[in-house]
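*Asks:* The sequence isn't on hand, but the structure is:
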C-alpha cells in the first residue's frame, strides 16, 4: 500500500515548465500537502533512499512553480512553506543515507524557503536536522549549536512539544561531549516540556515524536555516558511504545538495545536483539544510518569476543544479508 501511494504521489508531482499559467489557490496547496504526507509515511516505514529524495525535491519544485501564479500572499507563503518542508524531507532522506554534506546544502535551502514563508516550525525542523548531522559526524560542538538554535526559535516558545525535542537533541550533543551533568539536566527539561505539551495539530513529520521516541533518544544519551543498563531500560521503553508504522525508528531503537546489551557482555541476547533488525526491515534494504549502527555492533562484538560462536553466527548472517560494513 505504501509503495502504491508513493508511486501515485510521485507521479503527481512534476509540472511542465511550459504549462499555461492559471490561478492557484488553497485547494492546490492542500493537494500538494497530501503528497508530502505520503512521502513522510514512506520515510517512517522504510527510511531514506534516492527515490524518496528525488520525489521530495520534485515536490519542492512544484510548490515553487505554483507560487508564481498564487492568488494572494497567504497562498504564496503556504507554497513557500511547502517547498521548505519538501526540501527538509529530502534532507532527512540524505541524512539517513549518510550524505551529510548534501543534506547540509538542502537544509541551507530549507532555511531560506522557511524564511520566505515565515514558517518557524520548519525553521525549527532544519536546526533539529543539523543537530542530528553534527552528532552523526562526531562533532558535538556543531550538534549542540544547532540544537540550541532550534531551542531559540519562535516555534519552541509557542509549543513545548517541539521544545522537548530540542532539549533531547541538546542532551545527545552534551553526552557526546562527555558533559554528564548538563546532559542529564537537558533530558529532564525534555521530559518536563513533553509533559506540558498539548494535542494541537502539527505537521506530519513530527508525529514520530512522543514519550517512546524520547525514550529512544534517552537511550542514546545514556549509552554515550557509559550507562548501558539505563540505556537498555530506555530502549525497552522505546520499543514497547514506538508505533509499528515507524518501522525505521523501531529498528534503530532495536539496534541501540543490542549495543546496550553488548556493553553488558550479554552476547547471546545482544545477538538475538540485533538479528531482529533484519526481521523488522523485511526485504527492504537497510538505510545506511541503520547499517552504520549495526556496524558499530559488529565491530564491538568482534572486539569483545572474536572467537565466540555467536560472533561467527553474526558475521555469517551479516554476510548473507549483504550488509557487511
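*Replies:* Perfect, I can see it now. None of these values were measured; they are calculated from a predicted model.
*Asks:* Which helix or which strand is home to the residue lying closest to residue 84 once chain neighbours are set aside?
*Replies:* Spatial nearest neighbour of residue 84, chain neighbours left out: residue 113 (3.7 Å); criterion: CB to CB, 6 or more residues apart in numbering. Bear in mind the C-beta positions are built from the backbone N, C-alpha and C, glycine included. When secondary structure is defined by DSSP states H and E, residue 113 falls within helix 100-117.
*Asks:* and the nearest residue to residue 244 once chain neighbours are set aside, how many residues sit next to it?
*Replies:* Distances taken as CB to CB, 6+ apart place residue 250 nearest to residue 244, at 7.3 Å, with adjacent residues excluded. Using other CB atoms under 10 Å, the number of residues around residue 250 comes to 23.
*Asks:* Wait, residue 264 touches residue 227, no?
*Replies:* No: counting by CB atoms under 8 Å, residue 264 sits too far from residue 227 to count as a contact (10.6 Å).
*Asks:* most centrally placed residue in this structure?
*Replies:* In the chain, the C-alpha nearest the mean C-alpha coordinate belongs to residue 92, at 6.2 Å (CA atoms, centre = their mean).
*Asks:* residue contacts, that one?
*Replies:* When contacts are counted by CB atoms under 8 Å, 6 or more residues apart in numbering, residue 92 is found next to 43, 48, 103, 129, 205.
*Asks:* switch the cut-off to 10 Å
*Replies:* 40, 43, 47-48, 52-53, 56, 103, 106-107, 125, 128-129, 132, 205 (CB atoms under 10 Å, 6 or more residues apart in numbering).
*Asks:* Could you check which of residue 264 and residue 227 is surrounded by more residues?
*Replies:* Neighbour comparison, residue 264 and residue 227: the larger count goes to residue 227, with 19 against 13 (by other CB under 10 Å).
*Asks:* State the helix or strand in which residue 87 lies.
*Replies:* Following DSSP H and E, one finds residue 87 within helix 72-96.
*Asks:* Check the offset of that helix from the chain's centre.
*Replies:* For helix 72-96, the separation from the chain centroid amounts to 16 Å (computed by CA atoms, centre = their mean, to the nearest Å).
*Asks:* Quick one: work out the angle between it and helix 100-117.
*Replies:* In this structure, helix 72-96 runs at an angle of 170 degrees to helix 100-117, with axes from the mean of the first three to the mean of the last three CA atoms, to 10 degrees as the basis.
*Asks:* What are the buried residues along helix 72-96?
*Replies:* Judged by neighbour count using 16 or more other CB atoms under 10 Å, the buried positions of helix 72-96 are 75-96.
*Asks:* Rounded mean pLDDT for that helix, please.
*Replies:* For helix 72-96, the mean pLDDT works out to 94.
*Asks:* just stretch 184-202 next, same as before
*Replies:* So the average pLDDT for stretch 184-202 ends up being 97.
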